[in-house]
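Q: fold the following.
(one chain, ligands or ions: 2)
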Amino acid sequence: MPQTSHPLQIRDLNEVGRYAIGMHWSDGHESILPLDSLRRHCPCLACGGEAAQQLAEDSRRLHQLIRLGEAAVFLNWRDGHETIYTLAQLRALCRCAYCVGEPDKPITGA
Ligand SMILES: [Zn+2]
Ligand SMILES: [Zn+2]
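A: Ligands and ions are numbered 1, 2, ... in the order given. Sure, this is the predicted structure:
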C-alpha cells in the first residue's frame with residue numbers, strides 16, 4: 001500500500017450508530033469501520049489479529065472509545081476486552097472504494 005511521508009492524524013473520531021466508528025483523517029479521507037471488523041482484527045497478543053469465528057454481542061459493542069494522543073485509539077469493549085489500534089492499523093482496515101484499489105472513484109459525500 002502507498003506510503004505517505006507525513007504521519008496520518010485523525011481530525012474527528014466518533015461512533016456511528018451502535019456498530020461502527022467513523023474517522024475523518026488529516027488528509028481529508030473518511031473511513032467507516034464496523035466494530036465487528038475492528039474486534040476481529042484486534043492486534044493484541046491474545047487475539048493476534050484473529051478473533052473467534054463467532055463474536056458474542058458484547059464482544060462487538062463498545063463501552064468506551066478514546067483517542068490516545070495523536071497516534072492511537074483505545075477501544076474498551078462491553079465484554080471487558082481492550083484493544084489499542086495505531087492510526088496506521090486503522091487506516092489499513094478502511095474498505096472504502098479508494099482504499100480497496102479503485103482510486104478512480106473519488107470519495108463522495110460527507
Ligand atoms: Zn484482543
Ligand atoms: Zn478508505
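Q: spatially central residue for the chain, please.
A: Leu90 (4.0 Å; C-alpha atoms, centre = their mean).
Q: did I read that right, that one in a helix?
A: Yes. Assessed by DSSP: H, G, I helix; E, B strand; the rest coil, Leu90 belongs to a helix.
Q: what residues does Glu15 make contact with?
A: 21-22, 62, 65 (C-beta atoms under 8 Å, 6 or more residues apart in numbering). All C-beta spots, glycine's among them, are computed from the backbone N, C-alpha and C.
Q: show me what counts as buried in the helix or strand harbouring it.
A: Per DSSP states H and E, Glu15 falls inside strand 10-16. For strand 10-16, a neighbour-count test (16 or more other C-beta atoms under 10 Å) marks 10, 13 as buried.
Q: so how far is it off the chain centroid?
A: 10 Å (C-alpha atoms, centre = their mean, to the nearest Å).
Q: beyond that strand, next helix or strand please.
A: By DSSP H and E, the next helix or strand past strand 10-16 is strand 20-25.
Q: next, the buried residues of that next one.
A: For strand 20-25, by 16+ other C-beta under 10 Å, it's 20-21, 23, 25.
Q: Throw these into a markdown table and include pLDDT and distance to ligand 2, thanks.
A: Output for the buried residues of strand 20-25, formatted as a markdown table (pLDDT from 0 to 100; distance: C-beta to the ion, whole Å):
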| residue | pLDDT | distance to ligand 2 |
| --- | --- | --- |
| Ala20 | 96 | 13 |
| Ile21 | 97 | 13 |
| Met23 | 96 | 9 |
| Trp25 | 96 | 9 |
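Q: in TSV, list those along with distance to Ile10.
A: Listed next are the buried residues of strand 20-25 as TSV, based on distance: C-beta to C-beta, whole Å:
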residue	distance to Ile10
Ala20	15
Ile21	10
Met23	5
Trp25	6
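Q: what's the most distant pair in the residues you listed?
A: Ala20 and Trp25 (15.8 Å; C-beta to C-beta).
Q: quickly list what Leu68 is bridged to.
A: Judged by DSSP bridges, the bridge partners of Leu68 are Ala72.
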